[in-house]
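Novice: Predicted structure and sequence below. I'll ask about it afterward.
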Amino acid sequence: MNLALSLAAEVDRTVLLIDGDVATGDLSRWMGIYEEPGLADLLVAGKRNTDGLVFETNVDRLEVLPCGRLTENLDELFASEFMDDFMGSLARQSTQRILVVDGPPLLATTEASVLAHHMGQIVMVVEVNKTPQVAVQQAVDQIKDCKNVSVLLNKVTRSEATTRYGYGNGYSYRYRRRKIGNSGPTSSDPGAIPTDDLNQTVPAEEVVTSKLETRI
């Protein structure tokens, strides 16, 4: 979520955030659109048209495609040629749009490594002082055939960043979230987006979704 927010704020392009964690749908739950049709429904139906399935938000240039309804043989759907065609069609719809797919944990499901092979770039998020090194190595081994793999250290404090990693830029962008509809948490939770200005903050906005009925 933070990556998509950062891109939408800093890059003059539309960002389509896709919830690829169909098993849990945490992102969709978090935004209150968990029960809406989405990615999994498109794969089952063999449809590329996302009309009526994409939600816009109150964040400029940020759109969301929910995970959709949980289905069997999800790993087979992700590994299918249609999935590759589907992602390609989304990328070709507009050169002014960036696709960001929020996938499941690499060591928790087989779907994650399968999904990774459809991506042009991969950012593996590692929680500082919690994720064991052996788990990181196992996760990297699962996607060793993929190109452009990066590792992002999450939950690094400003003091750790300065003293342990040699740079002083902190995290100061913040946002709030709220439930839309009848599902998803309602509590506020600050997110972190890197910025060059340590004193700059975004007003405490709520990420609100509304369905885009038509797509250009």
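Specialist: Done, it's in.
Novice: Break down this structure into its helices, ranges please.
Specialist: 2-10, 26-30, 39-45, 74-79, 81-93, 111-116, 133-142, 158-164 (DSSP state H).
Novice: what's the closest of those to residue 101?
Specialist: Nearest to residue 101 among the helices of the chain is helix 111-116; the distance by CB to CB comes to 6.9 Å. Where you see a C-beta, it was placed from the backbone N, CA and C, and this is true even at glycine.
Novice: Could you tell me how far that closest one lies from the centre of the chain?
Specialist: Between the centre of helix 111-116 and the centre of its chain there are 14 Å (CA atoms, centre = their mean, to the nearest Å).
Novice: ok, back up a step: any chance of the helices of the chain in CSV, with mean neighbour count and mean pLDDT too?
Specialist: What follows is the helices of the chain, written out as CSV (neighbours: other CB atoms under 10 Å; pLDDT from 0 to 100):
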stretch, mean neighbour count, mean pLDDT
helix 2-10, 19, 87
helix 26-30, 21, 93
helix 39-45, 19, 95
helix 74-79, 19, 92
helix 81-93, 14, 92
helix 111-116, 22, 92
helix 133-142, 13, 91
helix 158-164, 13, 54
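Novice: Out of the ones you listed, which is closest to residue 99?
Specialist: That would be helix 81-93 among the helices of the chain, by CB to CB, at 5.8 Å.
Novice: Just give the closest residue to the spatially most central residue of the chain, not the sequence neighbours.
Specialist: Centroid-nearest residue in the chain, with CA atoms, centre = their mean: residue 102, separated by 2.9 Å. Nearest in space to residue 102, with sequence neighbours left out and distances taken as CB to CB, 6 or more residues apart in numbering, is residue 27 at 5.0 Å.
Novice: Looks like the one you found contacts residue 2 (just checking).
Specialist: No: contact between residue 27 and residue 2 fails when scored by CB atoms under 8 Å: they sit 11.5 Å apart.
Novice: ok so, going back, to residue 18, which of the helices of the chain lies closest?
Specialist: Ranking those by proximity to residue 18 (CB to CB) places helix 39-45 first, at 6.0 Å.
Novice: Tell me the predicted confidence for the residue nearest to the centre of the chain.
Specialist: If you check residue 102, the pLDDT there is 94.
Novice: Could I get the contacting residues of it?
Specialist: For residue 102, the contact set (CB atoms under 8 Å, 6 or more residues apart in numbering) comprises 1, 4, 17, 18, 19, 20, 21, 27.
Novice: Need the residues you listed in a markdown table (columns: distance to residue 154).
Specialist: Formatted as a markdown table, these follow (distance: CB to CB, whole Å):
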| residue | distance to residue 154 |
| --- | --- |
| 1 | 12 |
| 4 | 15 |
| 17 | 17 |
| 18 | 20 |
| 19 | 18 |
| 20 | 18 |
| 21 | 16 |
| 27 | 15 |
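Novice: And those, which two are furthest apart?
Specialist: Within the contacts of residue 102, 4 and 21 form the most distant pair, 14.0 Å apart (CB to CB).
Novice: count of residues packed around the closest residue to residue 3 other than its chain neighbours?
Specialist: Closest residue to residue 3 apart from its sequence neighbours, by CB to CB, 6+ apart: residue 100 at 5.9 Å. Neighbour count of residue 100, defined by other CB atoms under 10 Å: 21.
Novice: which residues does residue 100 bridge with?
Specialist: For residue 100, the beta-bridge assignment (DSSP bridges) gives partners residue 17.
Novice: I figured it was touching residue 5, is that so?
Specialist: No: counting by CB under 8 Å, residue 100 sits too far from residue 5 to count as a contact (9.7 Å).
Novice: That concludes my questions; thank you for your assistance.
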